[in-house]
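Undergrad: Show me how the following folds:
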Amino acid sequence: MAASALCFALLPACSADARVRSVRVGNFNAPIYVAAPRGDTQRVFVVERAGRIMVVRGGHKLGTPFLDIRGQVSEGGERGLLSMAFAPDYASSGRFYVDYTDNSGDIRVVEYRRSSNPNRAAPGSARNVIRIPHSQFNNHNGGQIQFGPDGFLYIGVGDGGSEGDPNNTGQNLGTLLGKILRIDPHPGGGYGIPSGNPFSGGGRRAEIYAYGLRNPWRFSFDRSTGALSIGDVGQDKFEEIDYEAKGRGLGRNFGWSHIEGNTRFKGGATPSYAPPVLVRSHSGAGFCAIVGGYVVRDHSARSLYGRYVYGDLCNSRLSAVKLRSGHASGNHALGVRVSGLVSFGEDARGRVYAVSMHGPVYRLVG
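TA: Numbering: from 1, shown residues only. Predicted coordinates for the structure are as follows:
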C-alpha cells in the first residue's frame, strides 16, 4: 500500500492544509443551519434550533427575525427547527420551506412565503406540506431539506430513533423513516410524487428516493455536477459518507440496519447495498456523529475547490476529501477547528459556512 493510501486508510487525517481559515460572520442562539436564496448574493439566513431564522445582510446580522415559530417547535434531544430551503423560483414566488419537529414530536415540512418586506416572512402564510409521525423517540429525525438539480424537494429522515433501529425502519419501504424522500411540493400546501420515483404499490411508499439510512442529518448536491453526498450518522463504531452521481441514487439501499459502515450490524441475509465511499471510525479519531458538508464550488477558495468539506460533532477538526462514485481520495485535515460543529451551509455564491452549536457561524476561506 502506498504511503498516501496508508495515511488515508489509518489516520484521522493527513497533513493539515494551513491555507484554509475561517471568518466569523456572527453569533447566534444555538444556530443549526445556513442557507440563501438562489441569486441573492447579499444575504444569508441562519436557522436557530429554537425556531427562529435570522438574516445576515452585507455582513451584518439584522435585529428582527425573518421567521419566528418558537411556539410551534419542540426542542430537546435532537429536536428543533432543523433546516430550511428556498424554492428555485423564490425571487418571484417568495416560497420557502422549513423542517422542524412539532410539539407532539412529529416531523413537519411547512411552506411559508416572504412578506412585502424582503427581510420578513409572512407568519400567517404557513401551509403544511408533509407530516411524518415520530413521537416514540426524540432522536434520529434527520432534518435536512434541499431542492435537487431536478427542482424537486429532497427530505432526509432518520430511522425513528433509540438505538439499533428497534423498529427495523431502515429496510422497510412501507415507512418514511430511515430514508431520503423526493416530493414535488404544491404551492399552497401538499405535494405530488415526481415521475420516476422508484417505489409504489405493494405497501411501498412512493415518496421514497433512497433507503437504508440511520440518520442522514446533512446531505447536499454538488452545484456543478448534481451529485448527491450524504453524511449518515452511525451507531457505536463507524460514521459514513455516501455518494452517488447525479440521478444514480434513485432507489439505492445504503444498508442500514444490516450494515454499519462496511461492517455487519444485524443478522439475517445481507441485502444488496451501495457501500459508503468514506468510513470514519470512532476509535482513535474521536468521531461520534458525522456532519456532512458540501463540495466547494467557490472559485475564491482555490485550495478547497472541488473538494467535499465535512466534520464531526465530537472531533472539532474539519476535513476535505475528493469524492467520486465508489471512491474517495486525498482525505486531509484543514487548518480549521470548529467546536460543537452541527452543520455546514452554502450561500448563493457557493461559499461554504460552518455552524457551531455554541453560537458562532463561520465562512470558510481558502
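Undergrad: residues of the host helix or strand of residue 22 that come out buried?
TA: Take DSSP states H and E as the rule and residue 22 turns out to sit in strand 21-27. By 16 or more other CB atoms under 10 Å, the buried positions in strand 21-27 come out as 22, 25-26. Placement of C-beta: from N, CA and C, glycine included.
Undergrad: now swap in stretch 248-259 and tell me
TA: Applying 16+ other CB under 10 Å to stretch 248-259 flags 249, 252-259 as buried.
Undergrad: Relative to residue 316, which of the buried residues of strand 21-27 is nearest.
TA: Distance to residue 316 across those (CB to CB) is lowest for residue 22, with 11.5 Å.
Undergrad: Quick check, pLDDT for the closest one.
TA: With respect to pLDDT, residue 22 scores 96.
Undergrad: quick one: it and residue 365 touch, right?
TA: Yes. Using CB atoms under 8 Å, residue 22 is in contact with residue 365, at 7.1 Å.
Undergrad: quick one on the thing from earlier: got a markdown table for the buried residues of stretch 248-259, with secondary structure and distance to residue 217 too?
TA: Shown next, in a markdown table, are the buried residues of stretch 248-259 (DSSP: H, G, I helix; E, B strand; the rest coil; distance: CB to CB, whole Å):
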| residue | secondary structure | distance to residue 217 |
| --- | --- | --- |
| 249 | coil | 17 |
| 252 | coil | 18 |
| 253 | strand | 19 |
| 254 | coil | 14 |
| 255 | coil | 17 |
| 256 | coil | 13 |
| 257 | coil | 16 |
| 258 | coil | 20 |
| 259 | strand | 18 |
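Undergrad: now, among these, which is nearest to residue 267?
TA: Closest to residue 267, out of all of the buried residues of stretch 248-259 and judged by CB to CB, is residue 258, at 8.3 Å.
Undergrad: quick one, what contacts the residue lying closest to the closest one once chain neighbours are set aside?
TA: Setting aside the residues directly before and after it, residue 258 is nearest to residue 266 in space (CB to CB, 6 or more residues apart in numbering), at 5.1 Å. Residue 266 is in contact with 164-165, 257-258, counting by CB atoms under 8 Å, 6 or more residues apart in numbering.
Undergrad: could I get those as TSV with distance to residue 62?
TA: As requested, these are arranged in TSV below (distance: CB to CB, whole Å):
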residue	distance to residue 62
164	44
165	42
257	43
258	48
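Undergrad: closest to residue 43 among these?
TA: Nearest member of the contacts of residue 266 to residue 43, counting by CB to CB, is residue 165, at 39.5 Å.
Undergrad: can I assume the closest one is in contact with residue 172?
TA: No. Residue 165 is not in contact with residue 172 according to CB under 8 Å; the separation is 9.5 Å.
Undergrad: who's more crowded, these two?
TA: For residue 165 and residue 172, the more surrounded residue by other CB atoms under 10 Å is residue 165, and the numbers stand at 24 against 19.
Undergrad: What distance do you get for residue 31 to residue 313?
TA: 14 Å (CB to CB, to the nearest Å).
Undergrad: who's more crowded, the two?
TA: Counting neighbours by other CB under 10 Å for residue 31 and for residue 313 shows that residue 31 has the greater number, 25 against 18.
Undergrad: what ranges do the strands span in the stretch 51-200 of the chain?
TA: 52-57, 60-61, 67-68, 81-86, 95-101, 107-114, 121-132, 145-147, 153-157, 179-185, 191-192 (DSSP state E, counting those that start in this stretch).
Undergrad: okay, the residue nearest to residue 315 when sequence neighbours are not counted: pLDDT?
TA: Among residues not flanking residue 315 along the chain, residue 286 sits closest, at 4.5 Å (CB to CB, 6+ apart). Looking at residue 286, its pLDDT is 89.
Undergrad: do you know how far residue 286 is from residue 136?
TA: In terms of CB to CB, residue 286 sits 30 Å off from residue 136.
Undergrad: same thing with residue 349?
TA: Distance from residue 349 to residue 136, by CB to CB: 41 Å.
Undergrad: Looking at these two, which is more packed in?
TA: residue 349 (15 against 11).
Undergrad: ok, so what distance separates the more buried one from residue 305?
TA: 13 Å.
Undergrad: same thing with residue 247?
TA: 24 Å.
Undergrad: Same check on residue 322?
TA: 11 Å.
Undergrad: Do I have it right that residue 38 meets residue 96?
TA: No. Applying CB under 8 Å, one finds residue 38 not in contact with residue 96, separated by 11.2 Å.
Undergrad: Check the contact lists of these two and give me the overlap.
TA: 86, 90.
Undergrad: the more surrounded of these two?
TA: Counted by other CB under 10 Å, residue 38 and residue 96 do not tie: residue 96 has more neighbours, with 24 against 12.
Undergrad: Bridged to the more buried one, which residues?
TA: Beta bridges link residue 96 to residue 86, residue 112 when assigned by DSSP bridges.
Undergrad: That one and residue 215, how far apart?
TA: 24 Å.
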